[in-house]
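Participant: Give me a 3D structure for the following:
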Amino acid sequence: MPAIRFKNTRSHVNVWCPASHLDRTSRIDYIPALLKDGSLVYFMFGGFIERKHLRYEQRVKMVNVIGFSANDNDEGPWETVSHERLLGIFKEQRYYLVLDKGKVIGV
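Facilitator: Numbering: from 1, shown residues only. The predicted structure follows:
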């Protein structure tokens, strides 16, 4: 299952956050996203969704994401994100990163 790395603004470290992390009862990291009105809101990471599956979900700008991987472990290859803000959606009290043919979308 895919995962993201993001910069934790409280401690300025990289945090590995796989979508399967949601099922664990240990540490849960909340990631930031900008809403349309410019407010920064924190929710859990829910995973990834392909752009072609979007309907009427609320779009957000994902911030502080520095990389993503198609693997469910920290050992696999990571793709560095070159955009400062990425397209995401807010659905079911979680943020999902939007992909277009397996690549993140900068906004």
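
Participant: helices or strands up against the strand or helix carrying Gly47?
Facilitator: Gly47 belongs to strand 40-50 when assigned by DSSP states H and E. Applying 3 or more CB pairs under 8 Å, 6 or more residues apart in numbering; DSSP states H and E, one finds that strand 40-50 contacts strand 30-34, strand 85-91, strand 94-100. Backbone N, C-alpha and C define where each C-beta goes, glycine included.

Participant: OK, contacts around the residue nearest in space to the middle of the chain?
Facilitator: Compute the mean C-alpha point of the chain, and by CA atoms, centre = their mean the closest residue is Leu97, 4.7 Å away. When contacts are counted by CB atoms under 8 Å, 6 or more residues apart in numbering, Leu97 touches 4, 45, 47-49, 62, 65, 68, 86-88, 104.

Participant: any idea whether His83 is helix, strand or coil?
Facilitator: Three-state assignment for His83 (DSSP: H, G, I helix; E, B strand; the rest coil): coil.
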